[in-house]
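Chemist: Have a look; sequence and predicted model below, questions after that.
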Amino acid sequence: MPYIHRIHPEILQLTDSLALRWYGLSYLAGFLAGYLLLKVLIRRKLFNVSVEQLQDCLTSFCIFGIMLGGRLGYFLFYQPQSLLKDPLQLLRVWEGGMASHGGIIGGILVLIWWAKKHKVSFWHLSDNFAVVVPLGIAFGRLANFINGELWGRPTSVPWGMVFPLEKTVFNPGNEWGHLRYDLPTLQAAYENGFLVTRHPSQLYQALCEGFLLFALLWFLRNRPWSQQQQGRLSLVFLIGYAFARFSMEFFREPDARLFFGWMSTGQFLSLFMILGAGIGLAILSKKQEPTTA
């Protein structure tokens, strides 16, 4: 019998409508990890801002860039009709629904604004933020796994898992919503073929888009290659994330909308990211820029 996902998304129920959730805690963990690592770069003289400036920039980056951009991107890229029907969904972050591409775009726009306001080099700012962003992505993917959402394609690999929420009847408030965590019911549903074994693609993405990409960028940030020219790390992050996302989408259950009959929305957006960042890296390699903020 494969592992059947039954992790409860709520850590502590505070009131009927308010609860401490793993989803929110994961974003807090990503924020704290990023803050502490950026302080390390400041101490090493690799990041030329004060701790106070870091706190201000990181707060704006997370709230207005990642959260708002990710939320807007989710609805614009994946559920535009849903947002038109109920615009207030945009504010209900605790219900889940974030788009990494939207968060990245939002984060870039916030860094451009902050850099101009404080007269700091955008590329210097983005190079350092690019190093820690993959950790936030990793924690976000772990939150997706805990929520039992964004599951993978059907598989027969030994580590395949069963995700009850693949069937809407197990959603809260639906026909079998009250049985979402009932193991005998879920085992019977699997044995009868109602539920199938799937790739835990959220974990694949956490590893490749998150932890491995972070390890690469952290290594490069402490090497002369990234210190000799601003913008290199930012573009390597974009290419690395897009490549990892494009690859891991082959294990993830695709969206209803496919491009060219096989390409998911995430892969389609990643292609433009690879193309744009690749051109930027080629242009950057042909000219020299100062490496100070």
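Modeler: That came in fine, so what should we check first? Residues are numbered from 1 along each chain as shown.
Chemist: From here on, just use CA atoms for contacts and neighbour counts.
Modeler: Will do.
Chemist: Taking the centroid of this protein, which residue is nearest it?
Modeler: residue 137 (3.5 Å; Cα atoms, centre = their mean).
Chemist: ok, that one to residue 209 distance?
Modeler: 7 Å (Cα to Cα, to the nearest Å).
Chemist: what's the overlap in contacts for the two?
Modeler: When contacts are counted by Cα atoms under 8 Å, 6 or more residues apart in numbering, residue 137 and residue 209 have no shared neighbour.
Chemist: Number of residues surrounding the closest residue to the residue nearest to the centre of the chain other than its chain neighbours?
Modeler: Nearest residue to residue 137 in three dimensions, chain neighbours excluded: residue 210, at 5.4 Å (Cα to Cα, 6 or more residues apart in numbering). Residue 210 is flanked by 25 other residues according to other Cα atoms under 10 Å.
Chemist: Is residue 210 located within a helix, as I assumed?
Modeler: Yes. Assigned with DSSP: H, G, I helix; E, B strand; the rest coil, residue 210 falls within a helix.
Chemist: show me the contacts for it.
Modeler: 134-139.
Chemist: one more time with 7 Å, if that's ok
Modeler: When contacts are counted by Cα atoms under 7 Å, 6 or more residues apart in numbering, residue 210 touches 134-135, 137-138.
Chemist: In three-state terms, label the residue nearest to the centre of the chain for me.
Modeler: helix.
Chemist: What separation do you get for it and residue 30?
Modeler: For residue 137 relative to residue 30 (Cα to Cα), the value is 8 Å.
Chemist: Ok, residue 18 next?
Modeler: Here residue 18 is placed at a distance of 22 Å from residue 30 (Cα to Cα).
Chemist: Would you mind telling me which of these two has the busier surroundings?
Modeler: The residue with more neighbours, out of residue 18 and residue 30, is residue 30; 20 against 11, by other Cα under 10 Å.
Chemist: residue contacts, that one?
Modeler: Taking Cα under 7 Å, 6+ apart, we find residue 30 in contact with 135-136, 139.
Chemist: State the helix or strand in which it lies.
Modeler: helix 22-43 (DSSP states H and E).
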